[in-house]
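Peer 1: Return a 3D structure for these sequence lines:
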Amino acid sequence: MTWRSVVISRPAKLRREQFRLAIEQEQTAFVPFEDIAVIVLNHREITLTHPVLSACGEYGISLFATGDTHHPSGVFLPFLPHSRATRWLRLQLDLPRPVAKQSWAAIVRSKITNQAACLRLAGREGVDRLDSYARRVRSGDNGNLEGQAAAFYFSQLFGKDFHRNQVRFKNAALNYGYAVLRGTIARGLVAHGLLPSLGLFHASEQNAFNLADDVIEPFRPLVDLFVSKRVMPDDDELRPEDKVALVGLLNVDMGMPRGKMSVLSAIEHTIESLARVYDGGSESLLELPVLIGLEQHSLEC
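Peer 2: Sure thing, here's the model as predicted:
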């Protein structure tokens, strides 16, 4: 099972050595490909060989590249041809509209419930109001309770003067964390034969990740909670240790119907349950995460 997140923030050469990723710096480190879920390239002086890219595709690894701002600017997703890709495409296209709307409502309820949990864990007020929003969500969220909850939630969590379009540490950290989650979810969708551009709710013709933007919603409050507890630097810039910690959120525990598990595992279970919805099920089959804190998942030996 994949569980490692590899973040490279210094000059390095990456090459494939049989079943391992070799990271050449002052010393050479080796990581088995089968253990890796995500690789983040966060320096201009990183080179890699074609066999490394091939291994990423072979082992289902998401490879992120960062731009001048050191935020993820692109992601290499494994092709992973599915044995029944055409069947899954037809199922996505033929999903009954009522099922899609009820599924989106379930996702919105889960997101708002996790936002309430985030406020509680961060020691902020407003939990009862968000719980009320979650209870009132109906099919398709026609009342836009998601938007109403978000406006209230961010002001409670980060202060009345906070806005998502501001250039500051909190937004930079949120964007970085969300981008890593989004790419990881897209990887999972592709692995299950689902087309990420066909969403339940999001439907932009210019967005290749509409379905990933649906699935990510209940996971976002995990990033929000982390950022709310992070000490802000003086210059509002993300530090290397901030980026490593944000990628490390993939190994934080979340609650799931089948028990506590890492975010990586929770994403897999959520996508598997979504596939069952497409395959003739109802929104009641969706397995969505519950925010329980920032404790790292422990591997039992």
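Peer 1: Quick check: buried residues in stretch 44-53?
Peer 2: Ile46, Leu48, Val52, Leu53 (16 or more other CB atoms under 10 Å). All C-beta spots, glycine's among them, are computed from the backbone N, C-alpha and C.
Peer 1: Apologies, that question was intended for stretch 210-228.
Peer 2: 210-228.
Peer 1: can you check stretch 30-47 too?
Peer 2: So for stretch 30-47, counting by 16+ other CB under 10 Å, buried means Phe33, Ile36, Ala37, Val38, Ile39, Val40, Leu41, Asn42, Ile46.
Peer 1: Please apply the same query to stretch 91-100.
Peer 2: Neighbour-count burial for stretch 91-100 [16+ other CB under 10 Å]: Leu91, Gln92, Leu95, Val99, Ala100.
Peer 1: correct me, but the fourth one touches Ser282?
Peer 2: Yes: Val99 is within contact range of Ser282, at 6.3 Å (criterion: CB atoms under 8 Å).
Peer 1: Just the CA atoms of stretch 290-299, as PDB, please.
Peer 2: C-alpha atoms of stretch 290-299 as PDB (Å, rounded to 0.1, in the frame of the first residue of the first chain):
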ATOM      1  CA  VAL A 290     -14.800  13.000   9.200                       C
ATOM      2  CA  LEU A 291     -12.300  15.600  10.600                       C
ATOM      3  CA  ILE A 292     -10.900  14.400  13.900                       C
ATOM      4  CA  GLY A 293      -7.700  16.300  14.300                       C
ATOM      5  CA  LEU A 294      -4.100  16.500  13.000                       C
ATOM      6  CA  GLU A 295      -2.700  13.300  14.400                       C
ATOM      7  CA  GLN A 296      -0.400  11.400  12.000                       C
ATOM      8  CA  HIS A 297      -1.400   7.900  11.100                       C
ATOM      9  CA  SER A 298       0.700   5.300  12.800                       C
ATOM     10  CA  LEU A 299       1.900   2.200  10.900                       C
END
